[in-house]
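Colleague: fold the following.
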Amino acid sequence: MKKLMCMVLAIALMVPLSGCSSRASAESVVEDAIQAFQSADVDAIRQSWGNTDLASSEDSAEEDAYTQQLLEPIASGLTYQITDSTEDAKAGTATVTVEFTSIDMNAVFSEWMGELVSQALGYAFLPADQQPSEEELSELSIEIFCDVVENHTDDKVTNTVDIPLSLVENEWKIDTSDEVLDAMTGGMITTLTSLDDILNGAETSTAETQAEPVRTNPAVLGDYAVEIESATITQDYAGDPAVVITYSWTNNSSETTSPFFSVSTSVFQDGVGLESALITDDSVYDSGMRTADVRPGTTIEVQEAFSLYNTTSPIEVEITESFTLGNPLEIAYMTFTLT
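Modeller: Take a look at the predicted model:
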């Protein structure tokens, strides 16, 4: 009897032990990985998603800390729903379908880059001993990023992706792809790639090429409305020919800003771009409104001056939105015959 009881006890003890050795489902592995991202824990992200641009094993502790600060506001706006899950243990593959809803990073990064450039211009004219340190600039960039994300918490995008997994040593491992990370981060991978293409002058493929912007006047340039009004011939401080371009500018954004930080003006004559002109005569040229801070919903008249190559060839005037990613939808455009 004693031997029989010992056998029964041994069998009873083996049942839970064998249960503990079963692997976690592919769905639970994906859910744990998503929650690791939501925690913005770089080590946990690296463990769940592998070595990626979000958390590279080559990053230093300082870089990890910076990455975590960037990810925290992004991750806080992420919600998800697992809509399907399939496993094929014999084939060693699984697929988990997830619907991600997150803050639109295209809108965030466009505004963030504009704010960073604005700050950089402000520091550019300070004496060397008053320039911020690299650490202070990093802290400032994080602070601005968090503020911008806060401004866009209602700008959400939803993407559904299939997350593939492979069976490795009897455990499901995620096969991470940029497509999955892009969906989870609200298009951050796509936005960074577009930004990299712009900065390096890379050309997109034909399939990815966006439609040519519409050249029109007036034009809507993102959050701003512009109408080119006139081109007046005058002289610069040295008596050389110059032209003053006048346009109306309306701030339709939710923030106080200026034309200087929101739009960019280019003027061409005989196909060649004109340089900015220095005009000291206040009766023909008012440069102040270009840098004036303007409240949302307000329209002002702005002037910019350019040096002419001659006083006979017509000129082309283009005004575009500053710091936009990809091709703009519209460009304010007008030609003038000089008389």
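
Colleague: what about T339, neighbour count?
Modeller: 6 (other Cβ atoms under 10 Å). All C-beta atoms are positioned from the backbone trio N, CA, C, and that covers glycine.

Colleague: ok, and the closest non-adjacent residue to it?
Modeller: Sequence neighbours aside, I233 is the residue nearest to T339 in space, at 7.8 Å (criterion: Cβ to Cβ, 6 or more residues apart in numbering).

Colleague: how near is the one you found to V244?
Modeller: Note on I233: its distance to V244, by Cβ to Cβ, to the nearest Å, is 8 Å.

Colleague: what's the answer for E255, then?
Modeller: From E255 to V244 the distance is 28 Å (Cβ to Cβ).

Colleague: that older thread, who does the helix or strand the residue nearest to T339 falls within touch, helix- and strand-wise?
Modeller: Using DSSP states H and E, I233 sits within strand 224-235. Contacts defined by 3 or more Cβ pairs under 8 Å, 6 or more residues apart in numbering; DSSP states H and E place strand 224-235 against strand 219-221, strand 241-251, strand 299-307, strand 315-321, strand 330-336.

Colleague: in that strand, what counts as buried?
Modeller: Judged by neighbour count using 16 or more other Cβ atoms under 10 Å, the buried positions of strand 224-235 are Y224, A225, V226, E227, I228, A231, T234.

Colleague: repeat for stretch 268-277
Modeller: F268, Q269, L274, A277.

Colleague: what sits against V157?
Modeller: Contact analysis of V157 by Cβ atoms under 8 Å, 6 or more residues apart in numbering lists T101, S102, I103, D104, G186, G187.

Colleague: hmm, I was thinking of T256
Modeller: The contact partners of T256, taken as Cβ under 8 Å, 6+ apart, are D293, V294, R295, P296.

Colleague: okay, it and T291: tell me how far apart.
Modeller: With distances taken as Cβ to Cβ, T256 is found 13 Å from T291.

Colleague: A225 too?
Modeller: For A225, the distance to T291 equals 19 Å [Cβ to Cβ].

Colleague: check E72 and give its pLDDT.
Modeller: At E72, the model reports a pLDDT of 87.

Colleague: quick one, helices of the chain?
Modeller: Using DSSP state H, the helices of the chain run over 2-20, 26-38, 42-49, 61-76, 105-124, 134-151, 178-184, 188-200, 259-262.

Colleague: so for the first one, what's the average pLDDT?
Modeller: The one in question is helix 2-20. 42.

Colleague: just the second one next, same as before
Modeller: Within the predicted structure, the mean pLDDT of helix 26-38 is 91.

Colleague: with just CA atoms, put that helix into CSV.
Modeller: The C-alpha coordinates for helix 26-38 follow below in CSV (Å, rounded to 0.1, in the frame of the first residue of the first chain):
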residue,chain,number,x,y,z
ALA,A,26,2.3,33.3,-29.6
GLU,A,27,-0.5,35.7,-28.7
SER,A,28,0.8,36.1,-25.1
VAL,A,29,4.4,36.6,-26.4
VAL,A,30,3.2,39.4,-28.7
GLU,A,31,1.1,41.0,-25.9
ASP,A,32,4.0,40.9,-23.5
ALA,A,33,6.2,42.6,-26.2
ILE,A,34,3.6,45.3,-26.8
GLN,A,35,3.3,46.0,-23.1
ALA,A,36,7.1,46.2,-22.9
PHE,A,37,7.0,48.9,-25.4
GLN,A,38,4.2,50.7,-23.5
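
Colleague: any idea how far T93 is from the closest residue to Q38 other than its chain neighbours?
Modeller: Leaving aside its sequence neighbours, Q38 sits nearest to A75 (Cβ to Cβ, 6+ apart; 4.9 Å). Using Cβ to Cβ, A75 is found at 28 Å from T93.

Colleague: ok, M184 next?
Modeller: Computed as Cβ to Cβ, the M184 to T93 distance reads 21 Å.

Colleague: of these two, which one has the most company?
Modeller: Ranked by neighbour count (other Cβ under 10 Å), M184 and T93 place M184 first, with 26 against 16.

Colleague: show me what contacts the residue nearest to the more buried one when sequence neighbours are not counted?
Modeller: Taking Cβ to Cβ, 6+ apart, and ignoring the residues beside it in sequence, M184 has F100 as its nearest neighbour in space, at 5.2 Å. Contacts for F100 (Cβ under 8 Å, 6+ apart) come out as L78, T79, Y80, T158, N159, T160, V161, A183, M184, G186.

Colleague: repeat for L308
Modeller: Here L308 is in contact with I233, D240, P241, A242, V243, Q269, L274, I315, L338 (Cβ under 8 Å, 6+ apart).

Colleague: if you set the cut-off to 10 Å instead, what comes out?
Modeller: 233-236, 240-243, 267, 269, 274-275, 277, 315, 338 (Cβ atoms under 10 Å, 6 or more residues apart in numbering).
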